[in-house]
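>>> Output the structure for:
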Amino acid sequence: MKLSKLVIAVAVVAAGASAVTTSAFAQAKEQFFPLLSYRTGPYAPNGVPWANGKQDYIKMINARDGGINGVKLTFEECETGYATDRGVECYERLKGKPGVSLFDPQSTGITFALTEKAPVDKIPLMTLGYGLSVAQDGLAFKWNFPYMGSYWTGADILIQHIGKQAGGLDKLKGKKIALVYHDSPFGKEPIPLLQERSKMHGFELQMLPVTAPGVEQKATWLQVRQSRPDYVLLWGWGVMNSTAVKEAQATGYPRDKMYGVWWAGAEPDVRDVGEGAKGYHALTLNGYGTQSKVIQDIMKHVHGAGQGTGPKDEVGSVLYTRGVIIQMLSVEAVRRAQERFGKGKVMTGEQVRWGMENLALDQKKLDALGFKDLMRPISTSCADHMGSTWARVHTWDGSKWGSPSDWYQADEQILKPMVKAGADKYLADKKMTRRDAADCQS
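Numbering: from 1, shown residues only. Down below sits the predicted model:
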């Protein structure tokens, strides 16, 4: 009897050890993506499709490819409501999860708050099309990656486009351009670039802040009606965008003289306004629609299997597609890291950071990934954490976005000195130094 009990006890212990080993192994073979999101509040109409695109891409990679070289992808969403304090809470709760890859804060304010935490925790931040414009300088910001553009590149491209429409940048002299902006770090980011362009071309810059979330803008548009600017730039997000277009309509400001940032150029921004928004223009970082292979694969492997995160009819919309692109770049950063640190292994935040810094997706690779016509090639380095500074301008025709312009590239002759000066100031304020050549290999 005693022997039998001993055998049973040994068997139980062995089984327990096996379970622990199996659990640890399973856990070790999963790459974790923390997903900060906002599905509630005044920014939800824009935040929801963005978040859904990211989730669906992860599901598609698991279903179609079995993960990344055999490593399954997992995720967990955390609701921030676009609030900085809640974003930091989400970061602190999720950063210790096994296999954590990177964070996409989905907010410039949250990015500002996490920029000093990321180097300590050794977890990179991807801020595609938002965040700190000076973080393009990878020699100063090792852990920040403003992929595909910043608010400085966006503002620069808008001025280029307006100048082209006017017959040349010299035609902007004496004109008045109003910036209607979300009164937050996000809304204030383009101001230095616009001030620089104002000095160069002789146009007057009028700055009109809008208190968050932006549902009350009557006073702002009264100022617009009184000052009669030649153009209005809209730096809004969420409910602020549709409110601005409605107020422009109510005050008689021509929508074809309005130009939004790429976060004010999606379906939720104008759908409810419909014909009243006809002629409104906005930047776009990416293509959209359901014709691309990656969207077709999501329809087949995710929505076709009843696993879609949101409604099927949002698949391929502007912000949904941007979410897909963000998650693809996250996945490819992990894949790139595996090429150096071991295929089929779970990558640490430090290793993923290296992958983000050494990303090289040319047109051939993008086509193979199913992203033909959705984005420009992107190539990063130790010095350049942005990798691409291209965008287009598209126009709302009353029922849909269309008529995109040719691709514009931000003027690096203007941007580079500004980025370096801003990065140098940041380093000086924080008593930090630039990375050396040896660190660029790490």
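
>>> can you pull out the helices in the stretch 301-442 of the chain?
318-341, 349-357, 363-369, 412-430 (DSSP state H, counting those that start in this stretch).

>>> roughly how far out does the third one sit from the chain middle?
Relative to the mean C-alpha coordinate of its chain, helix 363-369 is positioned 20 Å out (CA atoms, centre = their mean, to the nearest Å).

>>> Equivalent analysis for the second one, please.
Between the centre of helix 349-357 and the centre of its host chain there is 17 Å, according to CA atoms, centre = their mean.

>>> now stretch 408-417
Mean-position distance between stretch 408-417 and its chain equals 20 Å (CA atoms, centre = their mean).

>>> average pLDDT across that stretch?
Across stretch 408-417, pLDDT averages out at 97.

>>> among the helices of the stretch 301-442 of the chain, which is nearest residue 403?
helix 318-341 (14.1 Å; CB to CB). C-betas here are computed from N, CA, C, even on glycine.

>>> List the buried residues for the closest one?
Neighbour counts over helix 318-341 (16 or more other CB atoms under 10 Å) mark 318-338, 341 as buried.

>>> Determine the set of other helices and strands touching it.
With contacts defined as 3 or more CB pairs under 8 Å, 6 or more residues apart in numbering; DSSP states H and E, helix 318-341 has these neighbours: strand 30-37, helix 44-65, strand 125-126, helix 267-270, helix 293-298, helix 349-357, strand 360-361.

>>> Tell me which helix or strand comes right after the fourth one.
Tracing the chain past helix 267-270, the next element assigned as helix or strand by DSSP states H and E is strand 281-284.

>>> Over to the second one?
Following helix 44-65 in sequence order, the next helix or strand is strand 72-79 (DSSP H and E).

>>> got the CA positions of that next one in PDB?
Provided in PDB are the C-alpha atoms of strand 72-79 (Å, rounded to 0.1, in the frame of the first residue of the first chain):
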ATOM      1  CA  LYS A  72       1.700  31.500 -32.800                       C
ATOM      2  CA  LEU A  73       0.600  35.100 -32.200                       C
ATOM      3  CA  THR A  74      -1.500  36.100 -29.200                       C
ATOM      4  CA  PHE A  75      -3.000  39.500 -28.200                       C
ATOM      5  CA  GLU A  76      -4.900  41.300 -25.500                       C
ATOM      6  CA  GLU A  77      -6.700  44.500 -25.900                       C
ATOM      7  CA  CYS A  78      -6.800  47.200 -23.200                       C
ATOM      8  CA  GLU A  79      -9.300  50.100 -23.400                       C
END
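
>>> Can you tell me the strand partners of it and which way each runs?
strand 30-37 (parallel) (DSSP bridges).

>>> average pLDDT for the strand it pairs with?
Averaging pLDDT along strand 30-37 yields 98.

>>> Give the helix, strand or coil label for the residue sitting nearest the centre point of the chain.
In the chain, the C-alpha nearest the mean C-alpha coordinate belongs to residue 128, at 3.0 Å (CA atoms, centre = their mean). What DSSP: H, G, I helix; E, B strand; the rest coil gives for residue 128 is coil.

>>> residues contacting it?
104, 146-149, 285, 322, 325-326, 329 (CB atoms under 8 Å, 6 or more residues apart in numbering).

>>> for the helices and strands packed on helix 318-341, which one sits closest to residue 242?
Residue 242 sits nearest to helix 267-270 of all the helices and strands packed on helix 318-341, at 5.7 Å, using CB to CB.

>>> who's in contact with the closest one?
Contacts of helix 267-270 (CB under 8 Å, 6+ apart): 45-46, 49, 236, 241-242, 245, 260, 277, 280, 282, 317-319, 396, 401.

>>> What about these, which one has the most neighbours?
residue 280 (31 neighbours; other CB atoms under 10 Å).

>>> Hmm, that residue is touching residue 396, no?
Yes: taking contacts as CB atoms under 8 Å, residue 280 lies within contact range of residue 396: 4.8 Å.

>>> what touches both of the two?
With CB under 8 Å, 6+ apart as the test, residue 280 and residue 396 both reach 255, 270.

>>> Might you list the low-confidence residue ranges for the stretch 1-150 of the chain?
Scanning the stretch 1-150 of the chain for pLDDT under 70 picks out the ranges 1-28.

>>> got it, and the stretch 301-442 of the chain?
Along the stretch 301-442 of the chain, the model assigns pLDDT under 70 to no residue.

>>> Compute the distance between residue 268 and residue 104, please.
Look at residue 268 and residue 104: by CB to CB, to the nearest Å, they are 19 Å apart.

>>> ugh, typo on my part, it should be residue 200
Distance, residue 200 to residue 104, using CB to CB: 34 Å.
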